[in-house]
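Asker: Starting from these lines, generate the structure:
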Amino acid sequence: ADLLPAGVWSATAEEVEATEPARSGAEACTEPLAEPGPDSLAEPLAGPDPAALAQILYTSGTTGRPKGVTATHGNLAYGCTLDERRRPLRHSRHFLHAFPVGTNAGQTMLVNALDSAATAVAAPQFTPGRFARLIEEYGVGSVFLVPAMAIELLGSEAARRYATDSVRLVGSTAAALPGPVALGLARAFPRAQVVNYYTSTEAAPAQITLLFDPDRPDSPGRPASLRDLRITAPDGTPLPPGEPGEVRLRTPAAPRAYLGEDAARSEVFQGHWVRMGDLGRLDEDGYLQLLDRERDVIKSGAYKVSTFQVEEALHAHPAVADAAAFGVPHPVLGAVVAAVVVPRGELTVPELRTFLLDRLAAHELPARLLFRPSLPRNEGGKILKRELRLLLDDEALR
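Answerer: Numbers count the residues shown, from 1 in each chain. Okay, here's the model as predicted:
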């Protein structure tokens, strides 16, 4: 806890397991600072140059070598306010997360600890029972998760032992949140608004806040504003509602950049606009639909298959705890759909295939379907699909 900024309370495993949690450290974080003594500096120190390098984060590297992303002081501080009337998370006394500190989500939580009205509770490692217990013990008003954590939380019996009705905001980030999982969160936290925060390490502090609508589970939500969001053709030309294309976000701050030789080769940064690597569209009502990651679209014969759509259908089965879809080579079609599923309780491959028949077109149905106890994920909770492809290769050799 000593390494965290003021306003952050890091709960250790021992404190979580204690019958009476030690709150003194958290409360100390909210105490006013002592008045400066006679030996303090008469003039405040000059702040850093807003254009100076402040941070280097590395991308997740789910498809290749991780890239360093640089951010200036001006980029990190953009939008921060100490105006009590405008400070975020004013509806909460505490907010909770378990993001690794070296990720963009973890760094955002550190800034929130300095900027928001609430005190941060930082879990050292995510487990569903620990997370739910911290909600109860601190009366947490806002929780922040990645989809992998949400899936574990919803499937945990341990988490159901604790009172979580204090939660008013459930925020998900870092990866696409499947509609059935978002619906599960809305039911598990009936007094809370489920929010998808759409951003990336490259795009921050650009962020689109998508309020999830249970009546529209096909969409992560409707943006409050379309000023900083575009659906475009590959050349950057904006497309009208209903047309699928590349998703781009505009950052109002000094843009980030890749480190070293990656900077010259990158087409991700287009001035203040950032290519998100996603395909999507806006419908006539303003709801955003994310179709897939550009690199994950499966080209099977004459069809293009969205892995997001296949995963949504898999997650809709009540006995599916987690799932991932991806393409594998095919000698005639070029590629076909494969899926790895983590079952919850009793589930058979024939039963799941029958379930999918009413939800997917013939070319979208998984040609290869494998059950496993868990999915490989990186530190940030993103599924490592390249490892799943290797897993299927190993299974084929047995």
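Asker: okay, CA-based contacts and neighbour counts for the rest of this
Answerer: Will do.
Asker: Against Gly381, how distant is Val337?
Answerer: Computed as Cα to Cα, to the nearest Å, the Val337 to Gly381 distance reads 23 Å.
Asker: what about the two, which has more around it?
Answerer: Neighbours were counted for Val337 and for Gly381 using other Cα atoms under 10 Å; Val337 has more, 24 against 18.
Asker: element containing the more buried one, please.
Answerer: Using DSSP states H and E, the element containing Val337 is strand 334-343.
Asker: That strand: partners in the sheet, and parallel or antiparallel?
Answerer: Applying DSSP bridges, strand 334-343 is found paired with strand 320-330 (antiparallel), strand 368-371 (parallel).
Asker: And the helices in the chain, which stretches?
Answerer: Listed in chain order, the helices of the chain (DSSP state H) span 13-17, 24-29, 73-77, 104-115, 128-138, 147-154, 179-188, 261-265, 307-315, 349-357, 385-397.
Asker: List the buried residues for the fifth one?
Answerer: For helix 128-138, a neighbour-count test (16 or more other Cα atoms under 10 Å) marks 128-136, 138 as buried.
Asker: Equivalent analysis for stretch 185-200, please.
Answerer: For stretch 185-200, by 16+ other Cα under 10 Å, it's 185-186, 189, 192-200.
Asker: can you list the weak-confidence ranges in the stretch 1-150 of the chain?
Answerer: Within the stretch 1-150 of the chain, the stretches with pLDDT under 70 are 1-45, 63, 81-88.
Asker: Please repeat the previous calculation with a cut-off of 90.
Answerer: For the stretch 1-150 of the chain, the stretches with pLDDT under 90 are 1-49, 59-66, 77-93, 101-103, 108, 110-119, 124-125.
Asker: again with the stretch 251-398 of the chain
Answerer: 251-254, 260-267, 270-271, 284-286, 345-346, 377-382, 386, 389-398.
Asker: Give me the distance between Ala361 and Thr173.
Answerer: 29 Å.
Asker: Verify the contact between Arg377 and Glu387 for me.
Answerer: No: counting by Cα atoms under 8 Å, Arg377 sits too far from Glu387 to count as a contact (9.2 Å).
Asker: domains of this structure?
Answerer: For the chain, the structural domains run 8-32+49-292, 297-397, going by automatic domain parsing.
Asker: which of those domains is buried the deepest?
Answerer: domain 8-32+49-292 (a mean of 18; mean count of other Cα atoms under 10 Å).
Asker: mind listing the strands for the stretch 101-250 of the chain?
Answerer: Taking DSSP state E, counting those that start in this stretch as the criterion, the stretch 101-250 of the chain contains strands spanning 119-122, 142-145, 169-172, 193-198, 208-211, 222-223, 229-232, 245-250.
Asker: how about those strands in JSON lines, adding distance to Ala113?
Answerer: Below are these laid out as JSON lines (distance: least, Cα to Cα, whole Å):
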{"stretch": "strand 119-122", "distance to Ala113": "6"}
{"stretch": "strand 142-145", "distance to Ala113": "13"}
{"stretch": "strand 169-172", "distance to Ala113": "16"}
{"stretch": "strand 193-198", "distance to Ala113": "17"}
{"stretch": "strand 208-211", "distance to Ala113": "19"}
{"stretch": "strand 222-223", "distance to Ala113": "25"}
{"stretch": "strand 229-232", "distance to Ala113": "27"}
{"stretch": "strand 245-250", "distance to Ala113": "25"}
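Asker: picking up where we left off before, format the helices of the chain as a markdown table; extra columns: distance to Ala204.
Answerer: What follows is the helices of the chain, written out as a markdown table (distance: least, Cα to Cα, whole Å):
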| stretch | distance to Ala204 |
| --- | --- |
| helix 13-17 | 31 |
| helix 24-29 | 27 |
| helix 73-77 | 8 |
| helix 104-115 | 8 |
| helix 128-138 | 26 |
| helix 147-154 | 19 |
| helix 179-188 | 23 |
| helix 261-265 | 17 |
| helix 307-315 | 23 |
| helix 349-357 | 37 |
| helix 385-397 | 25 |
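Asker: Compare those helices and report which one is nearest to Pro50.
Answerer: helix 73-77 (4.3 Å; Cα to Cα).
Asker: List the contacts of that closest one.
Answerer: 48-55, 204-205, 253-256 (Cα atoms under 8 Å, 6 or more residues apart in numbering).
Asker: what's the closest of these to Gly179?
Answerer: Checking the contacts of helix 73-77 against Gly179 by Cα to Cα gives Ala204 as the nearest, at 24.3 Å.
Asker: residues in contact with that closest one?
Answerer: Going by Cα under 8 Å, 6+ apart, Ala204 touches 75, 251, 256.
Asker: Ser306 now?
Answerer: With Cα under 8 Å, 6+ apart, Ser306 has these contacts: 291-292, 296-298.
Asker: Dump these to CSV, plus distance to Ser92.
Answerer: Formatted as CSV, the contacts of Ser306 follow (distance: Cα to Cα, whole Å):
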residue, distance to Ser92
Leu291, 34
Asp292, 34
Asp296, 38
Val297, 40
Ile298, 43
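Asker: Narrow the residues you listed to those in strands?
Answerer: If you go by DSSP state E, the contacts of Ser306 have 291-292, 298 in strands.
Asker: with those in mind, which one is nearest to Val111?
Answerer: Checking these one by one against Val111 (Cα to Cα), the nearest turns out to be Asp292, at 29.9 Å.
Asker: any idea how far Gly102 is from that closest one?
Answerer: With Cα to Cα as the criterion, Asp292 and Gly102 are 26 Å apart.
Asker: same check, this time on Arg130
Answerer: Taken as Cα to Cα, the span from Arg130 to Gly102 is 21 Å.
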